[in-house]
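[1] Here is the input, now give the coordinates:
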Amino acid sequence: QVQLVESGGGWVQTGDSLRLSCEVSGGTFSKYVMGWFRQAPGKEREFVASISRMGDRYYYGDSVKGRFTISRDNAQNTVFLQMISLKPEDTAVYYCAAKEGTSLTSYVSFRVWGQGTQVTVSS
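    A predicted model of the protein is given here:
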């Protein structure tokens, strides 16, 4: 059974940077398109970024373009989310997710989820 475990969340100030990690176990990591999503209190879950199985294609949500970078290390079974220039509106629980197939934008196909890691950005 595939399991995803996020780490790296925390409390930061506006303009700071943070890097999230998501380690995958129980499956063949390179089979999965990986994604990051986030959910703020009272809001729907929002797509943040996704990366292809080989790490050569990326897709970002409009609100994070130019500030967040997704990457992966298939040797370490880990996907990362580097976040810079953080804003209070980035405050949310960040979730890592995995899907089979090749599409980076078929969000409903993300079937395996981590437990989430909290990111809080203070003004």
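
[2] from here on, contacts and neighbour counts on C-alpha atoms
    OK.

[3] which residues of the chain fall in strands?
    Counting by DSSP state E, residue ranges of the strands within the chain are 3-7, 10-13, 18-25, 33-39, 46-51, 58-60, 68-73, 78-83, 92-99, 112-113, 117-122.

[4] so what's Asp90 up against?
    119-121 (Cα atoms under 8 Å, 6 or more residues apart in numbering).

[5] Just send the strands of the chain back as a markdown table, with mean pLDDT and mean neighbour count too.
    A markdown table is the format used below for the strands of the chain (pLDDT from 0 to 100; neighbours: other Cα atoms under 10 Å):
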| stretch | mean pLDDT | mean neighbour count |
| --- | --- | --- |
| strand 3-7 | 97 | 19 |
| strand 10-13 | 98 | 14 |
| strand 18-25 | 98 | 20 |
| strand 33-39 | 98 | 25 |
| strand 46-51 | 98 | 24 |
| strand 58-60 | 97 | 18 |
| strand 68-73 | 98 | 20 |
| strand 78-83 | 98 | 21 |
| strand 92-99 | 98 | 25 |
| strand 112-113 | 96 | 17 |
| strand 117-122 | 98 | 20 |
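
[6] can I get the ones you listed in TSV with distance to Ser106?
    Listed next are the strands of the chain as TSV, based on distance: least, Cα to Cα, whole Å:
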stretch	distance to Ser106
strand 3-7	19
strand 10-13	29
strand 18-25	20
strand 33-39	10
strand 46-51	10
strand 58-60	11
strand 68-73	17
strand 78-83	18
strand 92-99	9
strand 112-113	14
strand 117-122	23
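
[7] Can you tell me the closest non-neighbouring residue to the one residue sitting closest to the centre of the chain?
    Central residue of the chain (Cα atoms, centre = their mean): Trp36, 2.3 Å from the mean position. Of all residues not flanking Trp36 in the chain, Cys96 sits nearest, at 4.7 Å (Cα to Cα, 6 or more residues apart in numbering).

[8] No further queries at this time; thank you.
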